[in-house]
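Colleague: okay, structure incoming, though there's no sequence with it:
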């Protein structure tokens, strides 16, 4: 097994969207937890008005409804705030490529700049560490590690759960005497 990289300073991110396509679909929630020396120091979470009606499936999945979003700011207002919060931190997420694809697409469109922060993914780490869970979905890993869960598919809660999974994965790597880089 190759070296595994863990960080003490990073920002956990999670987004919720209207669908799976970063070009056609919209972000409806941007959330982040800033961690310094493995301690949570601040959070960011804002709903984003997608300027279209949510599909009932998305509302049921996330608990976010059209009324909540009608009061929210547009992505061109919220995304710069989110990116300022994240700064140049290493970002942590679960299946982070999904989140990055949306953030990058919107950042290119709105701000004419890519989202290129270094990142690490608890999904990939769990696979690399060969965690013996049924699968490597966030909820499955949370259940596997007995992490208390609130409303899944809400940005800040998914960030919190991802952070807890990350802590467990770090401990697994230590117990397996893996070399950290």
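Modeller: That came through fine. Everything quoted here is computed from the prediction, not taken from an experiment. Residues are numbered from 1 along each chain as shown.

Colleague: right, and residue 13 touches residue 95 too?
Modeller: No: Residue 13 is beyond contact range of residue 95, at 11.5 Å (criterion: CB atoms under 8 Å). For every residue, glycine as well, the C-beta is placed using N, CA and C.

Colleague: so which of the two has more stuff around it?
Modeller: In terms of neighbours (other CB atoms under 10 Å), residue 13 is the more surrounded of residue 13 and residue 95; the figures are 28 against 16.

Colleague: contacting residues around that one?
Modeller: The neighbourhood of residue 13, defined by CB atoms under 8 Å, 6 or more residues apart in numbering, consists of 30-32, 86, 91-93, 96, 99, 103, 159.

Colleague: again, but for residue 108
Modeller: Contact partners of residue 108, counting by CB under 8 Å, 6+ apart, are residue 114.

Colleague: poorly predicted segments of the protein, please.
Modeller: Across the chain, residues meeting the criterion (pLDDT under 70) sit at 1-3, 179-181.

Colleague: which of the contacts of residue 13 fall in strands?
Modeller: With strands taken from DSSP state E, the overlap with those comprises 30-32, 91-93.

Colleague: could you pull out the helices in the protein for me?
Modeller: 56-62, 66-70, 75-86, 96-111, 122-128, 138-144, 155-175 (DSSP state H).

Colleague: what separates the fourth one from the chain centre, distance-wise?
Modeller: Centroid displacement of helix 96-111 relative to its chain, using CA atoms, centre = their mean, to the nearest Å, is 12 Å.

Colleague: ok, residue 38 to residue 164 distance?
Modeller: Residue 38 sits 12 Å away from residue 164 when distances are taken as CB to CB, to the nearest Å.

Colleague: who's more crowded, the two?
Modeller: A direct count of neighbours by other CB under 10 Å for residue 38 and residue 164 places residue 164 higher, at 19 against 14.

Colleague: identify the residue nearest the more buried one in space, chain neighbours excluded?
Modeller: Closest residue to residue 164 in three dimensions, ignoring its sequence neighbours and counting by CB to CB, 6 or more residues apart in numbering: residue 147, at 4.6 Å.

Colleague: pretty sure residue 121 is touching residue 91, no?
Modeller: No: counting by CB under 8 Å, residue 91 is not a contact partner of residue 121; they are 9.4 Å apart.
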